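*Asks:* Need a 3D model of the sequence below.
(one chain, ligands or ions: 2)
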Amino acid sequence: MRTIAFVTQKGGAGKSTLASSVAVAARAAGERVFIIDLDPLQTLVKWAGAREASDIGVEHVPPSKLSKAVAALEKKGVTLVVIDAPGQDGEPAAAAMRVADLCVIPARPNAFDLWASEKTRAQVKEEGCDYAFLLNQCPPAQQSARVELGAKALQAMGGLLAPLVSSRVDYQEAARLGLGVSEYNPEGVAAQEMKELWGSIKRRLKRVPAKAAPAKPEKAVAEKPAPAPKAPAAKAAIAPEPKAALKKPAKKAA
Ligand SMILES: Nc1ncnc2c1ncn2[C@@H]1O[C@H](COP(=O)(O)OP(=O)(O)O)[C@@H](O)[C@H]1O
Ligand SMILES: [Mg+2]
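*Replies:* Ligands and ions are numbered 1, 2, ... in the order given. Down below sits the predicted model:
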């Protein structure tokens, strides 16, 4: 199982939008996906409420239960956990950085987002997580000097995932309907971008060793003596019915 986290202190950079559409693209590519919504605003819990399909489990988990929740998901056969972090500094984002194999840091091509990315990168490094940047909401004519400068700056800071993600209404409409862009408009440019992005993330993950356990144990876990290795203990952080996360997808009509 691999765990990716969308993190940046900058609100509005596209964490929740990209986390949901990448999760859907990964599901379509055969992963068993579970989304952990760490944001107290619970954006993706609401997204799941609007979603008709129950192929991707989504749950809000407090940071103190995150590593237990991730361990429980691995036992349940989930192959990809996508964490949507809140747009602030502090423990929730740090907890995500500790459990994730890869932090994806989205930024829009503007100075404020790029400055915030530098701060987030410093925190990610401190927490010992591998990371890659992502340029989001690029004007569709991607050759603008601003986009080029943004891409260069992120590349210099440690690597930019392909492709550059464009600003498109599909992302907003899909989110509103509880869909990923590849479900909302399968033939659209945004759908293609998310398929490519999942491909890039997957390739990047191959170069990153899987984290066996959080680098720094969570307080709640560290204080207790190790529990007896019974199955129910691992379940605690995740609701008994994770919205059919492990259900096989419905068979497509021939
Ligand atoms: N590529 C995109 N194209 C168009 N709108 C986008 C795109 N990415 C994000 N948005 C919009 O930008 C806003 C902020 O995105 P969101 O995912 O909520 O950011 P965050 O979770 O980082 O705060 C939302 O209204 C969302 O619909
Ligand atoms: Mg969000």
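*Asks:* Flag the shaky bits of the stretch 51-200 of the chain, pLDDT-wise.
*Replies:* Low-confidence segments of the stretch 51-200 of the chain (pLDDT under 70): 142-143.
*Asks:* residue ranges for the strands of it, please.
*Replies:* Assigned by DSSP state E, counting those that start in this stretch, the stretch 51-200 of the chain shows strands spanning 57-60, 80-84, 102-107, 130-135.
*Asks:* Just checking: what are the partner strands of the first one?
*Replies:* In this case it means strand 57-60. Using DSSP bridges, strand 57-60 pairs in its sheet with strand 33-37 (parallel).
*Asks:* is ligand 1 contacted by the partner strand?
*Replies:* No. If you take C-beta under 6 Å from any ligand atom as the test, strand 33-37 misses ligand 1, and the best it gets is 10.3 Å. (Glycine included, C-beta is placed from N, CA and C.)
*Asks:* what's the offset of the helix or strand following that strand from the middle of its chain?
*Replies:* Moving toward the C-terminus from strand 33-37, the first helix or strand encountered (DSSP states H and E) is helix 43-50. In terms of C-alpha atoms, centre = their mean, to the nearest Å, the centre of helix 43-50 is set 14 Å apart from its chain centre.
*Asks:* With stretch 52-64 instead?
*Replies:* Using C-alpha atoms, centre = their mean, the mean C-alpha position of stretch 52-64 is found 12 Å from that of the whole chain.
*Asks:* so does the biggest helix by length in the chain get close to ligand 1?
*Replies:* In the chain, taking DSSP state H as the definition, the longest helix is helix 189-206. No. Using C-beta under 6 Å from any ligand atom, we find that helix 189-206 stays clear of ligand 1, coming within 7.1 Å at best.
*Asks:* CA atoms only: put that helix into CSV for me.
*Replies:* Output of helix 189-206 as CSV, limited to C-alpha atoms (Å, rounded to 0.1, in the frame of the first residue of the first chain):
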residue,chain,number,x,y,z
VAL,A,189,-8.4,17.7,-21.4
ALA,A,190,-8.8,17.7,-17.6
ALA,A,191,-9.5,14.0,-17.6
GLN,A,192,-6.4,13.4,-19.6
GLU,A,193,-4.4,15.6,-17.2
MET,A,194,-5.5,13.5,-14.2
LYS,A,195,-4.7,10.2,-15.9
GLU,A,196,-1.2,11.5,-16.7
LEU,A,197,-0.8,12.9,-13.2
TRP,A,198,-1.7,9.6,-11.6
GLY,A,199,0.9,8.0,-13.9
SER,A,200,3.5,10.5,-12.8
ILE,A,201,2.7,10.0,-9.1
LYS,A,202,2.9,6.2,-9.6
ARG,A,203,6.3,6.4,-11.3
ARG,A,204,7.5,8.8,-8.6
LEU,A,205,6.3,6.4,-5.9
LYS,A,206,8.5,3.6,-7.3
